[in-house]
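Participant: coords below, sequence missing:
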């Protein structure tokens, strides 16, 4: 079987000659060794500095070539797709303080991190930052290779957008409903208003702010003991889709 045939067979629940494989998280040193050349892919500092220098198109072309070559070198079946900043994104290079730290326009000191795969929303330990108050990971921006930290107050949020919604107890939503929701296994249920955005997306507003709302994690909706359905958290806080949902909710 070819890689394409193997993946299509697996998606169709047909037997393939073997389980399709793909790359999920590989250290930069492994990628460079497999390619036998320098690469921007997962090279955190090299990638960021190239963007600061206005070499975005060079980064994109290099990563497209390197990702395909790495997939072929390891005999994998699936090519990962990585987000990159759009062409008009205003990259502003901060003032360099020393070899590993920069100062942005607001005077914030920016440091290096150990790779975004090593952090989760709500994480407090292992940040390597000295501050007058405890700091937490409040956001992860893969497209910028950035870990955003803040106080516990900044960790709280009262809204999110969920996608890939699968309703089990109802056919779907045509108007907002009240329910209860869980955003992780051990998280207590919380009162919410669920507003449909489209067939697959909903806007969720919590009655009380919740800690560590994490894109990529599951959310499950309940009506008493009945599971209404669930989906995947696509975004938290302010976002374009969230604003669309708010407008939908305010207009009835």
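Facilitator: Yep, it's here. Just so you know, these numbers come straight off a predicted model, no measurement behind them. Numbering: from 1, shown residues only.
Participant: quick check: chain neighbours aside, which residue is closest to residue 79?
Facilitator: In space, and not counting its chain neighbours, residue 79 is closest to residue 71: 4.9 Å by CB to CB, 6 or more residues apart in numbering. Glycine gets a C-beta too; all of them are placed from N, C-alpha and C.
Participant: can you give me the buried ones in the strand or helix carrying that neighbour?
Facilitator: According to DSSP states H and E, residue 71 maps onto helix 56-73. Counting neighbours by 16 or more other CB atoms under 10 Å, one finds that the buried residues in helix 56-73 are 56, 59, 62-63, 66-67, 69-71.
Participant: which parts of the chain are helices?
Facilitator: Per DSSP state H, the chain has helices spanning 3-11, 28-35, 44-52, 56-73, 152-155, 240-250. These are given in chain order.
Participant: so for residue 213, which of those helices sits nearest?
Facilitator: helix 152-155 (8.9 Å; CB to CB).
Participant: in JSON lines, list the helices of the chain along with mean pLDDT and distance to residue 176.
Facilitator: Supplementary listing: the helices of the chain in JSON lines, determined by pLDDT from 0 to 100; distance: least, CB to CB, whole Å:
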{"stretch": "helix 3-11", "mean pLDDT": "93", "distance to residue 176": "34"}
{"stretch": "helix 28-35", "mean pLDDT": "89", "distance to residue 176": "46"}
{"stretch": "helix 44-52", "mean pLDDT": "81", "distance to residue 176": "41"}
{"stretch": "helix 56-73", "mean pLDDT": "91", "distance to residue 176": "40"}
{"stretch": "helix 152-155", "mean pLDDT": "75", "distance to residue 176": "26"}
{"stretch": "helix 240-250", "mean pLDDT": "49", "distance to residue 176": "6"}
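Participant: of those, which approaches residue 161 most closely?
Facilitator: helix 240-250 (4.7 Å).
Participant: stretch 195-213: end-to-end distance?
Facilitator: Terminal residues of stretch 195-213 are spaced 18 Å apart (CA to CA, to the nearest Å).
Participant: average pLDDT for it?
Facilitator: The pLDDT scores in stretch 195-213 average 89.
Participant: mind listing what's buried in it?
Facilitator: Applying a neighbour-count criterion of 16+ other CB under 10 Å, one finds 195-197, 201-206, 210, 212-213 buried in stretch 195-213.
Participant: list the contacts for the residue positioned nearest the centre of the chain?
Facilitator: Note on the chain: the residue nearest the mean C-alpha position is residue 215, at 5.5 Å, using CA atoms, centre = their mean. With contact taken as CB atoms under 8 Å, 6 or more residues apart in numbering, residue 215 is in contact with 121, 233-236.
Participant: out of these, who has the most neighbours?
Facilitator: Using other CB atoms under 10 Å as the neighbour criterion, residue 236 leads the contacts of residue 215 with 23 neighbours.
Participant: residue 159 is in contact with that one, correct?
Facilitator: Yes: with contact taken as CB atoms under 8 Å, residue 236 and residue 159 are classed as touching, separated by 7.0 Å.
Participant: can you get me a residue count around the residue nearest to residue 232 when sequence neighbours are not counted?
Facilitator: By the measure of CB to CB, 6+ apart, the closest residue to residue 232 outside its immediate chain neighbours is residue 164, 4.9 Å from it. Applying other CB under 10 Å, we find 12 residues neighbouring residue 164.
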